[in-house]
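# Fold the following.
(2 chains)
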Amino acid sequence: MVDVAFQPNRAAAAQTRRRRVGLRNALRRKSMSAFLMTLPLILLIAILVIYPAIYSVHLATLNKAMTKFVGFGNFEFLFKRETFWLVVKQSCIFAISAVVFKALIGFIVAHFVHNVPANKQRKWRGMLLVPWVIPPAMSTLAWLWLFDPSYSAFNYTLSFFGIGPIPWTGDAMWARFSVILVNVWYGAPFFMIMYLAALKSVPEQLYEAAAIDGANWWQRIWYVTLPMMRNIIAITTLFSLIVTFANFDIVRILTAGGPLDHTHIFATWAFRVGIEGSDIPLGASVSLFMVPILAVAAIFILRDITKRGNES
Amino acid sequence: MADVSLRKVVKRYDEVEAVRGIDLDIADHEFVVLVGPSGCGKSTTLRMIAGLEDISDGDIMIGGDVVNDVPPKDRDIAMVFQNYALYPHMTVAENMSFGLRLKNYPKAEIKSRVTEAARMLDITDLIDRKPKQLSGGQRQRVAMGRAIVRNPKVFLFDEPLSNLDAKLRVQMRIEIKKVHQKVRTTTVYVTHDQVEAMTLADRVVVMNHGKIEQIGTPNELYHKPATKFVASFIGSPAMNFVPCRLEDVGGKLNVRLTDRLAFTLPPARAARYQALSRSDKLLLGIRPEHVLEARPHAEPGVEPFDAMLDVTEPMGMETLVYFTLEGSQVCGRVSPNAGAQDGSPLRLAVDLNNMHLLNEVTGAVL
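Below is the predicted model of the structure:
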């Protein structure tokens, strides 16, 4: 009885079964299912990264009104402008000096934290990470007040020693110093935490072996710590170099590129000419300049990272 | 090269005393092994000699000079670690020469010393490799090479063979002994493996709970242990202990194990134990090789008895038999032809000429 009742559906059921078998076979092939599973991410990257990248290249080839194709016209224009070369120079100074100091301070602080007894280490780690977890737009505002020429805590304190007032953001050199200082303050904790993790992964016995071999404090760092941390140092430096080079918020809030464009870096100047100056194609051309510079840096730093990875 | 002396050396960690007053004299050229269970303080003692741990009390002398406050690099010692502690970014040659390079030795001298050590350890072909490309045994050789090229006053080994598999361990043990025969450097060697201790050492120091239980040559420790700990720690399978008491029967001294089982002591042993109180709780200590199958014409002092075997373990050249006496498990070594079978009776004999009597309470060998 039951059998008969189901009879009419039998043909349709067989068909779906056949279709399911086909799908199952396709999924059984590993590459196929792997591709399908990563497809959402691939689409997301295509929409959010590849499309804007191609679009900005397209934009950079248009005229100011975005009505005409001008080829390399925007770039030719940039090369002739003195401000552009100033921005190139300043971006390099800003990124390199900030990353060097971040790395140096991060390395030193990581050593201090590493030598703090384990039960107190969490507290120190937490406190030292604070600059990094505050949104930089907010903390830079606080720095802006600290740098105020007339009412700031810095100049007030310095006045007791008969120094100042220092034009923290008003003078070209001081303004450069200030944006670098704030960037170092903001970024050093990242280096600290990465180096701390790397330090913890160096086996204690290597230091003991080095101590017995006759290495002093400095030689232990030079011959044991640094080689063991080489990969982390390279990756952290590259990562920070990219982020610092493309920095926008700190410079924008602290000096807005001033005085007289003397603290502009690529991102802030692209914003100035592209958005504020209503020349979006020119802004796009400026920001595109970061790509080759960062690519060269990446190649240099990551050149033999796989080779080094095999040693340890 | 130099002698090493420890005088009342103590190591305290907050409340815990890891090493509780050690006195030890190690002569020049001597190979001394510190052995004991984990947590007995042997590694701490070695690390104090190396200068990697501060000493809480007492004195450590190397070559007659007190080195309590001398940093490791100025003690002129070399250490081989359990996990080798080779610098992973340096080649074998760089690893071995690191100490010499830090001391600014001339390049030619470094090269000749490294070549010589590599030849001695048979690692000449590996000299340009990185540690990652080496096997465990090869790394161990490099670690030893690093110690040898320094030509230090003292070699310190901290469980150097524990990370190797059983076969390689035996091979490296012989290697270490050969190296010591060649270079004759004073050596302190820490291990938890009593076989390593017995085979390598000129003298063995048995440690327990931060104290030295006994110092002696391997044979002394084996045949004349001072305490129950040493008696049970040295030798494998371990010495058997059975509760017993002494009694006088017809002018002879007997050792009674159970209501039904008592042995008459041979004259030499009887004379030695005559003065002991008959009411003391004692332990009969007897090594497995002195519990053997009964033979028709037994030597004097070899007393037969019947045992019900629990388990037998055929080892090839011998069979280990296990049975129970008064609640204590006893192990014996019998000939493979003795017909020992699980769960069946066997006539065994105990060689009382090699027995030990221990105080059950203090553990002292009487």
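
# which element is A:F77 on?
Element membership for A:F77 (DSSP states H and E) is helix A:73-80.

# who are the neighbours in contact with A:F107?
Going by Cβ atoms under 8 Å, 6 or more residues apart in numbering or on different chains, A:F107 touches A:F191, A:Y195. Every C-beta, even on glycine, is put in place using the N, C-alpha and C of the backbone.

# Check the one 4 residues further on too.
With contact taken as Cβ under 8 Å, 6+ apart, A:H111 is in contact with A:L199.

# and the helix or strand where it lies with helix A:73-80, angle?
A:H111 is part of helix A:82-115, with elements assigned from DSSP H and E. If you take axes from the mean of the first three to the mean of the last three Cα atoms, to 10 degrees, helix A:82-115 sits at 80 degrees to helix A:73-80.

# what's downstream of helix A:82-115, the next helix or strand?
Toward the C-terminus, helix A:82-115 is succeeded by helix A:118-133 as the next helix or strand (DSSP H and E).

# Show me which residues of the helix or strand following that next one are buried.
Elements were assigned by DSSP H and E; along the chain past helix A:118-133, the next helix or strand is helix A:136-146. Residues of helix A:136-146 classed as buried: A:P136, A:S139, A:T140, A:W143, A:L144 (neighbour count, 16 or more other Cβ atoms under 10 Å in any protein chain shown).

# what does stretch B:268-284 give?
Within stretch B:268-284, the residues that count as buried by 16+ other Cβ under 10 Å are B:R269, B:A270, B:L282, B:L283, B:L284.

# Could you dump those residues into TSV with secondary structure and pLDDT added?
Formatted as TSV, the buried residues of stretch B:268-284 follow (DSSP: H, G, I helix; E, B strand; the rest coil; pLDDT from 0 to 100):
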residue	secondary structure	pLDDT
B:R269	helix	84
B:A270	helix	85
B:L282	strand	87
B:L283	strand	88
B:L284	strand	89
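
# of those, closest to A:M194?
Nearest to A:M194 among the buried residues of stretch B:268-284 is B:L283, at 60.7 Å by Cβ to Cβ.

# quick revisit: present the buried residues of helix A:136-146 as a markdown table; the columns should include distance to A:H111 and pLDDT.
Output for the buried residues of helix A:136-146, formatted as a markdown table (distance: Cβ to Cβ, whole Å; pLDDT from 0 to 100):
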| residue | distance to A:H111 | pLDDT |
| --- | --- | --- |
| A:P136 | 26 | 83 |
| A:S139 | 25 | 84 |
| A:T140 | 28 | 85 |
| A:W143 | 26 | 85 |
| A:L144 | 32 | 82 |
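
# So which of those is the closest to chain B?
Nearest to chain B among the buried residues of helix A:136-146: A:P136, at 36.2 Å, using Cβ to the nearest Cβ.

# Can you get me a residue count around B:G316?
6 (other Cβ atoms under 10 Å in any protein chain shown).

# Just confirm it is within a helix.
No: under DSSP: H, G, I helix; E, B strand; the rest coil, B:G316 falls outside any helix and is assigned coil.

# Was I right to think it contacts B:P336?
Yes: the criterion here is Cβ atoms under 8 Å, and B:G316 meets it with B:P336 at 7.2 Å.

# got the residues of the stretch 101-250 of chain A near chain B?
Contact residues, the stretch 101-250 of chain A versus chain B (Cβ under 8 Å from any Cβ of the partner chain): A:203, A:205-206, A:208-216, A:219, A:223-224, A:227-228, A:230.
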